[in-house]
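Student: prediction below, plus the sequence it came from.
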Amino acid sequence: MIRVKNGVAIHGGVGTIPADDMTADMAAAYRETLRQSLLAGHAALQGGGSSVDAVAEAVAVMEDSPLFNAGRGSNLDEHGVVTMDASIMRGSDLDAGAIAGVTDVRNPITLARLVMERSPHLFLIGGGAEAFARAQGIPSTENSWFHTERRIAELHRARERGGARPAEVLGDVNPIDQAGTVGAVAIDASGTLAAATSTGGMANKTAGRVGDSPIIGAGTYASDLCAVSCTGWGEYFIRNAAAFDVHARMRHAGVSLDAATHGVIFETLGAQVPRSGGMVAMDAHGHVDFCFNTPGMYRGWVNEHGTVSVGIYAGD
């Protein structure tokens, strides 16, 4: 198993482009963005920052890229509007912040962190979250800035299918449609774990739909035992409190990190919906596990020496 010290691990979602359709240039672009995300998290830690700093910086890089379904490359809902969700959590004290349904915040993970650090509340949504963003000095960004040709095309395909279920779950010919989320976990020099997750949700989702990404315990969780960020069919991750279940299995059953993640992804979620998603997780010793029941998951890790490793498909 991979082990890092003062390190970061990330995922860019399970909605990977099919291997037969992935060109060398596209693969290189994904790998480079994953690398830049990891280096941003690494730089935060090497500069004396916390694990919260590291996951926030790593996720922000992926939010700024049109390649991933978060921030700049987010999916559009049934009305052609980008709405974004994010959450962040610190394991040492279980403090957390989350936002959902925001339409004009360039880096949703930054706003989620501000909710954690500057609000008496844990979770803000919609217009209230956006008003809080303005009060914290985050400028408004036009919703059209988040629109990309790729996501517009995916919206049209989703409308043609007549639904908003993840294509990689249903086995459609376009497994990247609607899918995707980005996330990070980290451990800092003090041994504190943190996790963060950000998403644009499903293409053609019903207006107002919120998935697991901003829900503490479903898409994101961090404790003294582990840090977890999930990606996949959010409704099932919510129903099964997937991120928290990793912690619960480690706490109450005494199992290892990889046994806990495998139990959640393959035994619980996989039994309900094959190819339902995946997660990146880290334990208090810096062990990292990438667990997914899909053909691929954009992912990577960086250790304290700056050694970076990234992958896309199951065999990487």
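Tutor: It's in. Residues are numbered from 1 along each chain as shown.
Student: and the strands in this structure?
Tutor: 2-3, 8-11, 84-90, 96-102, 123-125, 182-187, 193-199, 220-222, 226-232, 277-283, 287-292, 296-302, 308-313 (DSSP state E).
Student: any chance of these in a markdown table, plus mean neighbour count and mean pLDDT?
Tutor: To be clear about C-beta, it is placed using only N, CA and C from the backbone, and glycine gets the same treatment. Below are those laid out as a markdown table (neighbours: other CB atoms under 10 Å; pLDDT from 0 to 100):
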| stretch | mean neighbour count | mean pLDDT |
| --- | --- | --- |
| strand 2-3 | 14 | 94 |
| strand 8-11 | 31 | 98 |
| strand 84-90 | 31 | 98 |
| strand 96-102 | 26 | 98 |
| strand 123-125 | 19 | 98 |
| strand 182-187 | 34 | 98 |
| strand 193-199 | 34 | 98 |
| strand 220-222 | 33 | 99 |
| strand 226-232 | 33 | 98 |
| strand 277-283 | 29 | 97 |
| strand 287-292 | 22 | 98 |
| strand 296-302 | 26 | 97 |
| strand 308-313 | 18 | 97 |
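Student: can you put these in a markdown table and add distance to A260?
Tutor: Output for those, formatted as a markdown table (distance: least, CB to CB, whole Å):
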| stretch | distance to A260 |
| --- | --- |
| strand 2-3 | 16 |
| strand 8-11 | 15 |
| strand 84-90 | 17 |
| strand 96-102 | 20 |
| strand 123-125 | 25 |
| strand 182-187 | 14 |
| strand 193-199 | 14 |
| strand 220-222 | 11 |
| strand 226-232 | 7 |
| strand 277-283 | 8 |
| strand 287-292 | 8 |
| strand 296-302 | 17 |
| strand 308-313 | 21 |
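Student: any idea how many residues pack against L45?
Tutor: Applying other CB atoms under 10 Å, we find 24 residues neighbouring L45.
Student: buried sites along the longest helix belonging to the chain?
Tutor: For the chain, the helix with the greatest residue count under DSSP state H is helix 24-46. Neighbour-count burial for helix 24-46 flags 30-31, 33-45 (criterion: 16 or more other CB atoms under 10 Å).
Student: helices or strands next to it in the packing?
Tutor: The helices and strands touching helix 24-46, judged by 3 or more CB pairs under 8 Å, 6 or more residues apart in numbering; DSSP states H and E, are strand 8-11, helix 51-63, strand 182-187, strand 296-302, strand 308-313.
Student: what lies in contact with that helix?
Tutor: Residues outside helix 24-46 that contact it (CB atoms under 8 Å, 6 or more residues apart in numbering): 6-8, 10, 12, 17, 50-51, 53-62, 65, 67-68, 182, 184, 186, 188-189, 298-302, 304, 306, 308, 310, 312.
Student: show me which pair in the buried residues of helix 24-46 is furthest apart.
Tutor: Greatest spatial distance among these (CB to CB): Y30 and L45, at 23.2 Å.
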